[in-house]
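1. 3D, please:
(2 chains)
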Amino acid sequence: MFHWLEKHPFFFAVGVFLVIAFAGLITVLPNFAQSSRPLIGAAPYSTLELAGRHLYIKNSCNACHSQLIRPFKSETDRYGHYSLSGEYAYDRPFLWGSKRTGPDLMRVGNYRTTDWHENHMKAPADVVPGSIMPAYTWMFTKLADIDTAYAEQVTVANIFSVPYNKPVPMRDGSTKIVKMGSSVEDANAMALAEAKVIAADMKDQDVKDAIAAGKIPEIVALIAYMNSLK
Amino acid sequence: MENRPLEYDYTVAKLFMFMTIVLGVVGMLIGVILAFELAFPGLNTMLGSGVAEYTSFGRLRPLHTDSIIFGFVLSGIFTSWYYIGQRVLKVSMSESKFLMFIGKLHFGLYAVGVVAIVASLLLGYTTSKEYAEFEWPIDIVVVLIWVLFGISIFGLIGIRREKSLYISIWYFIANFLGVAMLYVFNNMEIPTYFASGGHGDILHSVSMYAGTNDAMVQWWYGHNAVAFVLTVPIIAIMYYFLPKESGQAIYSYKLSLLSFWGLMFVYLWAGGHHLIYSTVPDWVQSMGSVFSVVLILPSWGSAINMLLTMKGEWQQVAASPLIKFMILASTFYMFSTLEGPIQAIKSVNAIAHFTDWIVGHVHDGALGWVGFVVIAAIYHMAPRVFKREIYSKSLMSTQFWIQTLGIVLYFTSMWIAGITQGMMWRAHDEFGNLAYSFIDTVTVLHPYYAIRGVGGLLYLVGFLMFAYNIYKTMSARPVEEYELQNASPMGA
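-> Modelled structure (predicted):
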């Protein structure tokens, strides 16, 4: 049979394809629907948080920081409750990472503040002596891209039925509504309102001036995202 | 028909050979910079804080991995295809104007892709998925490049004179099909500009999969990109050049048959080992773990087949630097395909995952196996393509030892770093509290990061010697009237 295949390239290629293709189907498909289900308490990202998430990706923060807490005592002691599948239901893409050069950030919002992030992103080694993380000074002057975050919200709401402007159940039995702007202008205004709350806890004069002028520096969006990780 | 050998046409092979060397230098240089940035973080702003955005670790890291995998290695694969394909199918590229055009278009589009990728990654356009960072317009270009590669493979097969497909061709076919399937499904994404009615950045897209599913698809891809770019076509290259260079026939046909179909069947199941103790279903994790161990069989089948091809001719290893590269590569293939399965065992993975041991493992394969095979292939092809002797055999030998030393420094330092960090993360004191804060587990790694940087630098130095050697070879006066049959001619 193999000798015959080696003289018939078409059937050889079909054979190879069949042998390599079905493993993917069998591992990915059976739990696909179950793995898409959100956990109670999981909510979609606000516009500002999503813009921050885009910056997290833009600077490949995921190259050094994981967002996946494994079910070991040493990990839950350090980072909090181990990760559950449904917590990631609104993460497109997933950001688990594959290397922990820096600590896990899955629940960093539980134990770090706006103030801490501001100082740390400016000069990491001043906050954590011995840190090898680079400073992200340009994020204090460059502006966040709210329009693209809004475009993504519209896309996922329409195509994947992500529940923006709809009540999502919380763990204490209440519900929460994550709002999405009705237009780009509306989305920008909502993001600015959210940014003002964060900037109020910051000291950097450039950031304060930008916010006062109705602009949102990258750092504010990033911190909004960091604070949302719980 | 005239009774003279076919004149093969190496125009496209030459173009891709230059690309291999250029992108090899670029990718390895960025790698060395990244290594030293981890050891000496001040280097993140080496060109001043004004452009720190473009020189910081995070921005450069995808550029390193992608320029090595899809730049250096893939160009090396294309070079070898445009050289080997004609020869084992007994048909020249010059016989078909169409295939020649496809070959040149393939290279042209590839060059466009390279420029687009470098620019977009530096500017921060990335989907974050490892080895699939490119945004949607580039994904379309990649698919087109791949289709052209497929036309070239099946076109040449279509007009072949030798009816039976040599082993290398099996692996090239698998390379084409595997990557096509994996790349398309992992890059399913929706451009938000069009889906939202024209808002935001036109280059931005959002993944069709979310969370755990996204991770499943990504590591099904990520693991098998390693299989179908860094293993399958590299075996194809090895199966052609080792017998050619040594003058020995492949040791066993049955063993190559078993390893080929075994590798095809087993590899795709092993992706789950990247997700052990994550939130993907437990059975997927266990399956990934088990199949990774099973994967030793076909991997070692190929490696043993390569090594035994040298049976009775081991003196060639001492005599020829080119054979040295190939034999060390086969040995590193055995080594990293044993190391990988060990890391895939759940209890070992608990320590190894997220640490530098994984980085070390990848580089065992990339530097020792893939890099050396590509280098050896070009050393074998250059005298035949340019019809000139290799410029310097002693330079080649020196390069071999410098690079080997570099690899040894790389993996030993990363083993120690990874296991040290893995053990420190989980250490508890006598009261059950964590023994170390996270920063303790970072500062302790400084010496190993520095040693790793030196190891990488040595490998880069060796590669620059290789580039120089090839440059001097191609610019020298031609001496060969006829193509040589077996071992490469050595100057000096």
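2. Would you point out which residue of chain B is nearest chain A?
-> residue B:211 (2.8 Å; Cβ to the nearest Cβ). Any C-beta I mention is one placed from the backbone N, CA and C, and that applies to glycine too.
3. Around residue B:461, count how many other residues there are.
-> Applying other Cβ atoms under 10 Å in any protein chain shown, we find 17 residues neighbouring residue B:461.
4. list the contacts for residue 74?
-> Reading this off chain A. For residue A:74, the contacting residues are B:425-428, B:434, by Cβ atoms under 8 Å, 6 or more residues apart in numbering or on different chains.
5. try chain B instead
-> residue B:229.
6. Ok, the one 5 residues further on next?
-> Residue B:79 makes contact with B:13, B:16-17, B:19-20, B:377-378, B:381, according to Cβ under 8 Å, 6+ apart.
7. go with 6 Å
-> By Cβ atoms under 6 Å, 6 or more residues apart in numbering or on different chains, the contact list for residue B:79 reads B:13, B:16-17, B:20.
8. would you turn those residues into a markdown table with distance to residue A:229, pLDDT and secondary structure?
-> Putting the contacts of residue B:79 into a markdown table (distance: Cβ to Cβ, whole Å; pLDDT from 0 to 100; DSSP: H, G, I helix; E, B strand; the rest coil) gives the following:
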| residue | distance to residue A:229 | pLDDT | secondary structure |
| --- | --- | --- | --- |
| B:13 | 50 | 97 | helix |
| B:16 | 44 | 97 | helix |
| B:17 | 47 | 97 | helix |
| B:20 | 42 | 97 | helix |
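9. Close to chain A as well: tell me which of these qualify.
-> Counting by Cβ under 6 Å from any Cβ of the partner chain, nothing from the contacts of residue B:79 sits close to chain A.
10. Closest to residue B:46 out of those?
-> Proximity of these to residue B:46 (Cβ to Cβ) peaks at residue B:20, which lies at 27.3 Å.
11. tally of neighbours for the residue nearest to the closest one when sequence neighbours are not counted?
-> When the adjacent residues along the chain are set aside, residue B:20 lies closest to residue B:75, with 4.0 Å between them (Cβ to Cβ, 6 or more residues apart in numbering or on different chains). Neighbours of residue B:75 under the rule other Cβ under 10 Å: 24.
12. so residue B:75 touches residue B:19, yeah?
-> Yes: between residue B:75 and residue B:19 a contact is recorded at 4.2 Å, counting by Cβ atoms under 6 Å.
13. quick one: contacts for the residue of chain A at minimum distance from chain B?
-> Nearest to chain B, among the residues of chain A, is residue A:88, at 2.8 Å (Cβ to the nearest Cβ). Counting by Cβ under 6 Å, 6+ apart, residue A:88 touches A:94, B:211-212.
14. same thing but at 8 Å, please
-> Taking Cβ under 8 Å, 6+ apart, we find residue A:88 in contact with A:42, A:94, B:210-212, B:215, B:279.
15. Output these in JSON lines; the columns should cover pLDDT.
-> Output for these, formatted as JSON lines (pLDDT from 0 to 100):
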{"residue": "A:42", "pLDDT": "94"}
{"residue": "A:94", "pLDDT": "96"}
{"residue": "B:210", "pLDDT": "95"}
{"residue": "B:211", "pLDDT": "93"}
{"residue": "B:212", "pLDDT": "95"}
{"residue": "B:215", "pLDDT": "96"}
{"residue": "B:279", "pLDDT": "95"}
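16. Can you classify the residue of chain B most remote from its centre by secondary structure?
-> Most distant from the centre of chain B: residue B:431, at 46.8 Å, with distances by Cα atoms, centre = their mean. Secondary structure, DSSP: H, G, I helix; E, B strand; the rest coil: residue B:431 is coil.
17. Now do the strands in the stretch 201-350 of chain B.
-> B:205-207 (DSSP state E, counting those that start in this stretch).
18. Mind listing what's buried along stretch B:77-92?
-> Buried residues in stretch B:77-92, counted by 16 or more other Cβ atoms under 10 Å in any protein chain shown: B:77-89, B:91-92.
19. Same check on stretch A:76-95?
-> Under 16+ other Cβ under 10 Å, the buried positions of stretch A:76-95 are A:78-80, A:82-83, A:85-95.
20. Repeat that for stretch A:59-78.
-> A:59-70, A:74-75, A:78.
21. which pair in the residues you listed spans the largest distance?
-> Greatest spacing in these, by Cβ to Cβ: A:59 and A:74 (28.1 Å).
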